[in-house]
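Visitor: when you get a sec, could you give me coordinates for this:
(chains A and B)
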Amino acid sequence: MINIKNSISNATLLISAVIFLISLYLIFIWVPTEINQGIAQRIFYFHVPIGWLGMISIIIVAISSFIHLITKNEKWDNLAYSSAELGIIFASLILVTGSIWAKPIWGVWWTWDPKLTTTLILWFFYLGYLMVRSYSPAGIQSKQYSSVIALIGAIDAPIIYMASVWWRSAHPSPNIPMDLDSKMLITFLISLLSFTILYIYMLNKRYNLKKIEGKIDEIYRNIN
Amino acid sequence: MSESLNINENIIINNKYKIVVSVLVLIGALSYLIFLAFNSATIYYYTVGEANKLDNNIKSERMLRISGTLKPNSFSREEDSTTSYFILTDGQETLNAYHNGIIPDLFFNEHSEIILEGRYDSNKNFQSNNIIVKCPSKYSAVEEEEV
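Guide: Below is the predicted model:
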């Protein structure tokens, strides 16, 4: 059983690596340069997939936390925690790639645009979730506290997505330009796929690690 | 035995204190952000027409963001100066503005929407501190022969 799981995991890594190489080729060599923004627009193929994972992570955290609150099953809490750790990485990367893109195109590193502000709030939710986890005593209570944070934080994800539609924003509205050149669309979709497979691989690894951490904790508590 | 229990209790109380502090810090940071983002300006920017209709009090006191497009041929810069003068328009009304500093490349693109961040000066001209260029949401490829 463990062997099968391992080989599936290895296969995911291999597929992700191959698709990543293809998408890098597409992004830097194959796809045409955008007419107005020039070369800087190519960060779009990183920024948007990263943004998607940053938002999907909090939703995974919230759903698993919710199930954990009801069933008290450790499995779901392990999944929530693993997704939160990945989430803060991607949320940080959204802010970083966004800044790198904004400076040459908008002219500023940061502006209090509704989409940027709500994304920063999401980042704080991840931070809050992980802070509560590491500061509170181990046990059921800290898991409940952090679950509540995740549930509130998940409300933010659709708000971020709709921010440029609901409010005036420096971001284009609707979110992904609908009038994408066909080569740009293909490149975007393959990049999205490669990031998503990488995410699944990392989530699986972190989840298994978290499970082992739980077992070690249990042994440690039994000894003391 | 009872001593070690006390120590454990102390750790738990100490940790509870830490949770309360971290939750307070989180709530504080969030409310500050919400206050910054939505209290002083429930809308991210005004259009030129809306800005012209604003109260004189608001015009003289508040930092504003005003959006429009660059009126053709309205851009000028004195020789050896970093201050540029230009006119923003929303198609009907106009706004005289000036900016001291670097102007983003896409400022001059005819498809770009420009957002100025700054204040009105005493002559009712708009003094921009930051220029933010909003790009068209349509991405098109450069023509092959240009590459």
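Visitor: list the contacts of A:Ile63.
Guide: With contact taken as C-beta atoms under 8 Å, 6 or more residues apart in numbering or on different chains, A:Ile63 is in contact with A:Ala154. Using the backbone N, CA and C atoms, a C-beta is placed for each residue, glycine as well.
Visitor: report the buried residues of the helix or strand hosting it.
Guide: Per DSSP states H and E: A:Ile63 is located in helix A:44-71. Across helix A:44-71, burial judged by 16 or more other C-beta atoms under 10 Å in any protein chain shown covers A:44-69.
Visitor: show the average pLDDT along the very next helix or strand once past that helix.
Guide: Sequence order places helix A:74-105 as the next helix or strand after helix A:44-71, per DSSP H and E. For helix A:74-105, the mean pLDDT works out to 94.
Visitor: just list what helix A:74-105 packs against, helices and strands only.
Guide: With contacts taken as 3 or more C-beta pairs under 8 Å, 6 or more residues apart in numbering or on different chains; DSSP states H and E, helix A:74-105 sits against helix A:44-71, helix A:114-135, helix A:140-166, helix A:182-223.
Visitor: what residues sit buried inside the lowest-mean-pLDDT helix or strand in chain A?
Guide: The weakest-scoring helix or strand in chain A, judged by mean pLDDT, DSSP states H and E, is helix A:140-166 (a mean of 85). Residues of helix A:140-166 classed as buried by neighbour count (16+ other C-beta under 10 Å): A:142-147, A:149-151, A:153-154, A:156-157, A:159-164.
Visitor: same thing with stretch A:33-44?
Guide: Going by neighbour count (16+ other C-beta under 10 Å), the buried part of stretch A:33-44 is A:34-37, A:40-44.
Visitor: show me which of those neighbour chain B.
Guide: Near chain B, judged by C-beta under 8 Å from any C-beta of the partner chain, the entries from those are A:34-37, A:41, A:44.
Visitor: what two of the residues you listed have the greatest distance between them?
Guide: Largest separation among those by C-beta to C-beta: A:Ile35 and A:Phe44, giving 13.5 Å.
Visitor: helices of chain B, start to end?
Guide: Assigned by DSSP state H, the helices in chain B fall at B:2-34, B:48-52, B:56-61.
Visitor: poorly predicted segments of chain A, please.
Guide: Scanning chain A for pLDDT under 70 picks out the ranges A:1, A:138-139, A:174-178.
Visitor: any idea which residue sits dead centre in it?
Guide: In chain A, the centroid-proximal residue (C-alpha atoms, centre = their mean) is A:Gly54; its distance is 2.6 Å.
Visitor: hang on, it packs against A:Ile94?
Guide: Yes. The pair A:Gly54 / A:Ile94 is scored as a contact, 4.9 Å apart, by C-beta atoms under 8 Å.
Visitor: so what sits against both of these two?
Guide: Common neighbours of A:Gly54 and A:Ile94 (C-beta under 8 Å, 6+ apart) are A:Thr119.
Visitor: quick one, domains of chain B?
Guide: What automatic domain parsing lists as the domains of chain B is B:1-39, B:46-134.
Visitor: so can I have TSV of the ones you listed showing mean pLDDT, mean neighbour count and distance to A:Ile19?
Guide: Below are these laid out as TSV (pLDDT from 0 to 100; neighbours: other C-beta atoms under 10 Å in any protein chain shown; distance: least, C-beta to C-beta, whole Å):
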stretch	mean pLDDT	mean neighbour count	distance to A:Ile19
domain B:1-39	69	12	37
domain B:46-134	87	16	32
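Visitor: now distance to A:Leu26 too, for these, in a markdown table please.
Guide: Compiled in a markdown table, those are given as follows (distance: least, C-beta to C-beta, whole Å):
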| stretch | distance to A:Leu26 |
| --- | --- |
| domain B:1-39 | 36 |
| domain B:46-134 | 25 |
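Visitor: could you export the ones you listed as CSV, including distance to chain A?
Guide: Shown next, in CSV, are the domains of chain B (distance: least, C-beta to the nearest C-beta, whole Å):
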stretch, distance to chain A
domain B:1-39, 4
domain B:46-134, 3
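Visitor: on that earlier part again, now the helices of chain B as TSV including distance to A:Asn3?
Guide: Below are the helices of chain B laid out as TSV (distance: least, C-beta to C-beta, whole Å):
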stretch	distance to A:Asn3
helix B:2-34	41
helix B:48-52	66
helix B:56-61	69
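Visitor: closest to B:Phe75 out of these?
Guide: helix B:48-52 (15.9 Å).
Visitor: list the contacts of that closest one.
Guide: Contacts of helix B:48-52 (C-beta under 8 Å, 6+ apart): B:64, B:66-68, B:88-90, B:92-95.
Visitor: from those residues, which two are the most distant?
Guide: Most distant of these, by C-beta to C-beta, are B:Leu64 and B:Gln92, 19.0 Å apart.
Visitor: my read: A:Asp113 touches A:Ser169, true?
Guide: Yes. The criterion here is C-beta under 8 Å, and A:Asp113 meets it with A:Ser169 at 5.1 Å.
Visitor: how about the strands of chain B, start to end?
Guide: Using DSSP state E, the strands of chain B run over B:46-47, B:64-70, B:76-77, B:83-89, B:94-100, B:113-120, B:126-134.
Visitor: and the second one, what does it pack onto?
Guide: The one in question is strand B:64-70. strand B:46-47, helix B:48-52, strand B:83-89, strand B:94-100, strand B:113-120, strand B:126-134.
Visitor: now these as TSV including distance to A:Arg221?
Guide: TSV is the format used below for those (distance: least, C-beta to C-beta, whole Å):
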stretch	distance to A:Arg221
strand B:46-47	60
helix B:48-52	63
strand B:83-89	66
strand B:94-100	63
strand B:113-120	56
strand B:126-134	54
